[in-house]
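Asks: A predicted structure for the sequence below; I have some questions about it.
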Amino acid sequence: MGDPVMRGPFPHSRRKPMATRAILLAGGVLAGAVALAHDPAADPAKTEAWTPVPAVVATPVGAAPSDAVVLFDGSGLAAWESEQGGDAPWKVADGAVTVVPGSKGIRTRQGFCDIQLHIEWRSPVQTRGVDGQNRGNSGVFLQERYELQVLDSHDNPTYPNGQAASIYKQAIPLVNASRPPGEWQTYDVVWKAPRFSEGGGLLAPARITVLHNGVLVQDDTVIAGTTEYRGPPSYAPHGCAPIYLQDHDSEISFRNIWVREL
Ligand code: MG
């Protein structure tokens with residue numbers, strides 16, 4: 001038989017007094033701190049990056065960031081032209097530009113490659129019984145070829161890869177974040193242009209991230225090629241190109257359009 005004190009689950013007789021343990025613990029912590037202080041790799045300054053210093057960008061509420069290219073602020077369509085050439089024929093009023101059905105699309109005079117894009121749009125309140133693809137259809141085409149769909153998708157079923165915030169006939173949005181017609185909606189887009197080799201081969205497809213009314217709906221989506229009404233998508237080499245807004249016979253309005261070149 002051994003010492004009866006040792007039979008219990010906790011051999012208290014062998015434990016050091018509380019005060020002794022506290023002193024040992026404090027000593028260990030102190031020793032560790034001293035060791036760290038003398039270890040060059042543990043110097044916090046070693047992991048501080050002081051360059052490059054980010055440029056300062058002013059971000060006024062409700063307006064474009066100070067480093068943005070403003071494409072439409074309500075004052076006119078100087079940054080745009082008709083897809084047929086000449087001045088953009090859409091109607092400007094009350095800080096917005098509205099599609100004139102039948103007048104064809106408009107595009108920016110400037111071409112873009114990688115961009116951050118902000119654009120606001122509003123579907124008309126319907127006065128006649130149109131639905132599906134005929135209700136509030138327009139589109140934001142990146143580089144004139146790749147359509148981020150604009151559609152009144154509030155309580156308006158259609159094929160999901162053709163609803164609002166889809167990449168037309170390629171990518172269904174993660175959720176339907178649509179507001180009712182008559183309310184302003186936002187798209188915030190990060191667009192990475194496709195890369196082509198000197199010989200015209202595809203080096204890297206385009207990619208797109210989209211927030212619809214602040215909600216993530218396209219998450220670094222790979223673009224399979226041009227967004228076609230009929231047939232599969234495909235790529236043909238091209239350079240930087242305009243942003244194009246579609247006339248699809250709906251009186252869609254746009255406002256506060258700006259891009260930041262990346
Ligand atoms: Mg469309």
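Replies: Good, I have the coordinates.
Asks: so what's Ile106 bridging to?
Replies: Per DSSP bridges, the residues bridged to Ile106 are Ser82, Leu245.
Asks: list the contacts of it.
Replies: Ile106 sits next to 77, 80-83, 88-90, 244-245, 247 when contact means CB atoms under 8 Å, 6 or more residues apart in numbering. All C-beta spots, glycine's among them, are computed from the backbone N, C-alpha and C.
Asks: make a markdown table from these and add neighbour count and pLDDT to it.
Replies: Shown next, in a markdown table, are those (neighbours: other CB atoms under 10 Å; pLDDT from 0 to 100):
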| residue | neighbour count | pLDDT |
| --- | --- | --- |
| Leu77 | 18 | 98 |
| Trp80 | 25 | 98 |
| Glu81 | 17 | 98 |
| Ser82 | 17 | 98 |
| Glu83 | 19 | 97 |
| Ala88 | 25 | 98 |
| Pro89 | 19 | 97 |
| Trp90 | 23 | 98 |
| Tyr244 | 20 | 98 |
| Leu245 | 28 | 98 |
| Asp247 | 22 | 97 |
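Asks: so which of the residues you listed would you say is closest to Glu183?
Replies: Nearest to Glu183 out of the contacts of Ile106 is Leu245 (CB to CB; 19.1 Å).
Asks: surely the closest one touches Ser253?
Replies: No. Look at Leu245 against Ser253 with CB atoms under 8 Å: they stay out of range, at 10.8 Å.
Asks: please enumerate the shared neighbours of these two.
Replies: When contacts are counted by CB under 8 Å, 6+ apart, Leu245 and Ser253 have Val99 as shared neighbours.
Asks: for the stretch 151-262 of the chain, which residues are neighbours of the ion?
Replies: Contacts of the stretch 151-262 of the chain with the ion, taken as CB under 5 Å from the ion, map to Gln246.
Asks: can we see that at 6 Å?
Replies: Applying CB under 6 Å from the ion, one finds that the stretch 151-262 of the chain approaches the ion through 246, 248.
Asks: which residues in the stretch 151-262 of the chain form strands?
Replies: Here the stretch 151-262 of the chain has its strands, by DSSP state E, counting those that start in this stretch, at 184-192, 195-196, 202-204, 207-212, 215-222, 244-245, 253-261.
Asks: winner for burial among the ones you listed?
Replies: Compared across these, strand 244-245 shows the largest average neighbour count, a mean of 24 (mean count of other CB atoms under 10 Å).
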